[in-house]
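In: Prediction below, plus the sequence it came from.
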Amino acid sequence: MSATATSADENIGVMPVRAGFGFDQAALVRWMTQHVAGFVGPLEVFEFRGGQSNPTYKLVTPAKTYVLRRKPPGVLAKGAHAVDREARVLAALGKSGFPVAHVHGLCLDDDVIGSWFIIMDMVEGRIFWDATLPDVPAADRPAYFIAMNATLAQLHRVDPQAVGLDNFGRGGNYFERQISRWTKSYLADTDAGRDAGMDMLIDFLPDAIPEGDETAIVHGDFRCDNLIFHPTEPRILAVLDWELSTLGHPLADFTYHAMMYRMPPQIVAGLGDVDPVRLNIPDEATYVAQYCAATARAGIPNYEFYITFNFFRMAAIFHGIKGRVIRGSASSAQSAARVVHYPTLVKLAVDAAEAYA
C-alpha cells in the first residue's frame with residue numbers, strides 16, 4: 001500500500017531503472033522466449049514511477065508492451081510481496097470477466113532475475129492520483145464514481161469457489177482476526193510508543209464487532225489510483241495492485257475505499273478537505289447507497305464501525321513505520337514524512353468510534 005500521496009508528476013510515467021533495481025535483461029529475454037507466447041525481442045526496460053511496494057517495470061518490444069512486477073531485492077518478511085498470490089487472483093478473476101490485466105507468465109525461480117516475477121499485459125488508459133478528478137469535466141464526474149463503486153461491487157459478487165479461490169484466505173471472523181493482528185503489532189513495537197487514542201480503540205473494537213459474517217474476495221487497497229480507466233470513457237479497464245487481496249469481509253473492503261470521503265489527500269488520495277457536492281461528486285451517503293443497491297443490501301447499519309476499523313488498521317501500519325524510522329530501519333526515504341500523519345489517522349478512527357458508540 002502506498003502510505004502517502006505525492007504529486008502526479010512523481011507518479012505518472014516511467015523512468016530509467018533505479019540503481020539497485022536492475023536485473024539481467026538477457027536472462028529475462030531467454031525466459032520470456034520460452035514462457036510467453038508470441039514474445040519476440042529486442043526488449044527495452046523502464047521502471048514505473050509511483051509507490052508500488054513491488055517494483056514494476058515497463059517492457060517494450062517492437063510488437064507488444066508488457067508489465068513486469070517482481071519481489072523487491074533483499075531480505076523480505078515472510079509472506080510479503082507475494083507476487084504468486086497476485087498472479088493467481090489476476091488469472092482467476094480474468095477468466096470471470098472482471099477487469100484485470102492478462103497474465104502471461106509467473107516465474108518462481110530466483111536465478112532468472114534475482115526474485116520471483118509476473119509478466120502481464122500493459123493496459124493503456126488513465127490513472128487518477130487525485131480523488132477530486134480535476135481533469136474530468138464536473139458533469140462527467142458522477143459516472144466515474146459510479147464506475148469505481150460498481151467495479152468493487154462486481155468483485156464482491158464473484159463466487160470464490162466458482163473461480164478457484166475458495167482457499168485463497170481464511171474465511172470467517174475477519175474483523176476479530178484483523179483487530180487481533182494489528183493490536184499485537186501495535187503493542188509489540190515499543191520503540192514507537194503508546195497512544196491514548198490507539199489504546200482506546202484496542203479496548204473498543206473487539207466488543208463492537210457487528211453480528212453476522214460474510215466472506216468475499218477482497219482487494220485490500222481499492223483506491224482511484226489503483227485503477228486504470230479507459231482513455232476517454234468512465235469505464236475501468238483494469239484494477240491494479242492485488243498484493244493485499246485475500247478472502248475477507250466485503251464491507252471491510254468497501255469501507256476502506258469509502259474512507260476517501262474522510263481521508264486528507266496528503267495521506268492517500270482522498271476527499272477529506274473538499275465539499276464533494278460542490279465538485280459534482282456523489283457525497284458519502286449517496287456513495288454508500290449506490291454500493292448497497294449494487295450488492296442487494298438494505299443498508300450498512302454499522303457503517304461507522306467499519307470506518308473505525310479501517311482507520312485503526314491504517315494507523316497501526318503507520319505506527320509500525322514510526323518504529324522503523326526511530327530504529328533507522330525504514331526502507332523508504334519518505335517514511336519520516338508519512339509518520340507525521342499518524343496522529344491524524346488515530347483521530348479519524350476515534351471520531352468514527354465515537355460516532356458509532
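Out: Now that the structure is in, tell me what you want to look at.
In: Contacts only, for residue 41.
Out: 29, 33, 61 (Cβ atoms under 8 Å, 6 or more residues apart in numbering). Every C-beta, even on glycine, is put in place using the N, C-alpha and C of the backbone.
In: residue contacts, the last one?
Out: Each residue near residue 61 by Cβ under 8 Å, 6+ apart is listed here: 39, 40, 41, 42, 43, 44.
In: could you redo the last one with a cut-off of 6 Å?
Out: residue 43 (Cβ atoms under 6 Å, 6 or more residues apart in numbering).
In: Tell me, what's the model's pLDDT at it?
Out: Residue 61 carries a pLDDT score of 96 in this model.
In: Over to the second one?
Out: As summarised for this prediction, residue 33 has a pLDDT of 97.
In: Checking my notes, it in a strand, right?
Out: No - going by DSSP: H, G, I helix; E, B strand; the rest coil, the assignment for residue 33 is helix, not a strand.
In: The residue lying closest to it once chain neighbours are set aside and residue 29, how far apart?
Out: Nearest residue to residue 33, sequence neighbours excluded (Cβ to Cβ, 6 or more residues apart in numbering): residue 39, at 5.9 Å. Separation of residue 39 from residue 29 (Cβ to Cβ, to the nearest Å) stands at 8 Å.
In: can you confirm the residue nearest to residue 33 is in a strand?
Out: No - using three-state DSSP, the secondary structure at residue 39 is coil, not a strand.
In: correct me, but it touches residue 30?
Out: No - between residue 39 and residue 30 there is no contact under Cβ atoms under 6 Å: 10.5 Å.
In: Looking at these two, which is more packed in?
Out: residue 39 (20 against 13; other Cβ atoms under 10 Å).
In: Check what pLDDT that one gets.
Out: At residue 39, the pLDDT recorded in the model is 96.
In: Check the secondary structure at the residue nearest the centre of the chain for me.
Out: Per Cα atoms, centre = their mean, the C-alpha nearest to the average position across the chain is that of residue 221, at 2.4 Å. Classification of residue 221 by three-state DSSP places it in coil.
In: Wait, it touches residue 244, no?
Out: Yes - Residue 221 lies in contact with residue 244 (Cβ under 6 Å); the separation is 5.1 Å.
In: can you give me the helices for the stretch 251-357 of the chain?
Out: 284-294, 303-327, 335-339, 342-356 (DSSP state H, counting those that start in this stretch).
In: With the stretch 1-150 of the chain instead?
Out: Using DSSP H, counting those that start in this stretch, helices in the stretch 1-150 of the chain cover 8-11, 25-35, 83-96, 110-113, 141-157.
In: distance of the nearest residue to residue 298 once chain neighbours are set aside from residue 196?
Out: Of all residues not flanking residue 298 in the chain, residue 292 sits nearest, at 7.0 Å (Cβ to Cβ, 6+ apart). With distances defined as Cβ to Cβ, the gap from residue 292 to residue 196 amounts to 35 Å.
In: which of those two has more neighbours?
Out: When neighbours are counted by other Cβ under 10 Å, residue 292 and residue 196 differ, and residue 292 comes out ahead with 15 against 9.
In: burial count for residue 344?
Out: 17.
In: Just the pLDDT for the closest residue to it other than its chain neighbours.
Out: With sequence-adjacent residues excluded and distances taken as Cβ to Cβ, 6+ apart, residue 344 is closest to residue 264, at 6.3 Å. The per-residue pLDDT reported for residue 264 equals 95.
In: So residue 264 sits against residue 272, correct?
Out: Yes - at 4.5 Å, residue 264 and residue 272 qualify as touching, with contact defined as Cβ under 6 Å.
In: just to revisit the earlier point, and of the contacts of residue 41, the nearest to residue 299?
Out: For the contacts of residue 41, the residue nearest residue 299 by Cβ to Cβ is residue 61; the value is 50.4 Å.
In: Please report how far the closest one lies from residue 24.
Out: 17 Å.
In: got a list of what residue 25 touches?
Out: Taking Cβ under 6 Å, 6+ apart, one finds residue 45 in contact with residue 25.
In: Can you give me the separation between it and residue 102?
Out: In terms of Cβ to Cβ, residue 25 sits 22 Å off from residue 102.
In: State the distance from residue 67 to residue 149.
Out: 26 Å.
In: ok, the two, which is more surrounded?
Out: residue 149 (23 against 20).
In: Spit out the contact partners of the more buried one.
Out: 290, 291.
In: Any regions of the protein where pLDDT drops low?
Out: Low-confidence segments of the chain, defined by pLDDT under 70: 1-12, 50-53, 73-81, 330-333.
In: One more pass at 50, please.
Out: 1-8, 75-77 (pLDDT under 50).
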